[in-house]
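A.B. asks: Dropping the sequence and predicted coords here.
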Amino acid sequence: MIKIFIFAMIIGASSVIGIMIAKKYANREFELKEMKNALNMFENKIKFTYEDIPTVFSDISQKISGNVGKIFKTASIQMKDMQAGIAWEYAVNNTWSNFNKEDIDIIKGLGRMLGKTDLNGQISEINLVENFIDNQLEEAKLEKEKNAKMYKTLGLVIGITIVIILA
């Protein structure tokens, strides 16, 4: 009886690990969509409200949940002590997310011109980052379709294999 319970736990644990790895792909896609929404909000706010960047970022952080909201919240807090671009880069580097290295590099690219150019320059930079995020979003969708099912299945198969070896 105990042996069956242990075998079930092994299969269950390996399946959960596979599901967690697969979920990372779905989370990356979701966070890229959230970042795109946040950048759209940023663009509209600076176009129409003329509020300062820390205030806009604080507003966005209240409307966007999860890791992306935390990035904007951290950036708005850091802008009290740092320049906007440096605060943005700090927030992206120091907030845990499901983004890969390419995603992070693209998102950090927004900080280069943040607060340094006029309204049109910042809007152009936001649009450029949004275009790059669109490309990353397509890549994330393909990776999710390709890898999510594989990791779920692999977790189950490894668990069953371990049980067979132990039995």
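C.D. replies: Sure, I can see it. Residues are numbered from 1 along each chain as shown.

A.B. asks: CA atoms for contacts and neighbours, from now on please.
C.D. replies: Will do.

A.B. asks: so what's the closest residue to Gly69 other than its chain neighbours up against?
C.D. replies: Here the nearest residue to Gly69 in space, its sequence neighbours aside, is Ser61; by Cα to Cα, 6 or more residues apart in numbering that works out to 4.2 Å. Applying Cα atoms under 8 Å, 6 or more residues apart in numbering, one finds that Ser61 lies in contact with 68-73.

A.B. asks: which one of those residues is nearest Thr161?
C.D. replies: Taking Cα to Cα as the measure, Val68 is the one of those closest to Thr161, at 38.6 Å.

A.B. asks: for the residue nearest to Gly69, helix, strand, or coil?
C.D. replies: Classification of Ser61 by DSSP: H, G, I helix; E, B strand; the rest coil places it in helix.

A.B. asks: gap between it and Lys80?
C.D. replies: For Ser61, the distance to Lys80 (Cα to Cα, to the nearest Å) stands at 16 Å.

A.B. asks: Same check on Leu154?
C.D. replies: Plainly put, Leu154 is 47 Å away from Lys80 if you go by Cα to Cα.

A.B. asks: out of these two, which sits in the busier spot?
C.D. replies: Neighbours of Leu154 and Lys80, each counted by other Cα atoms under 10 Å, are more numerous for Leu154; the result is 17 against 11.
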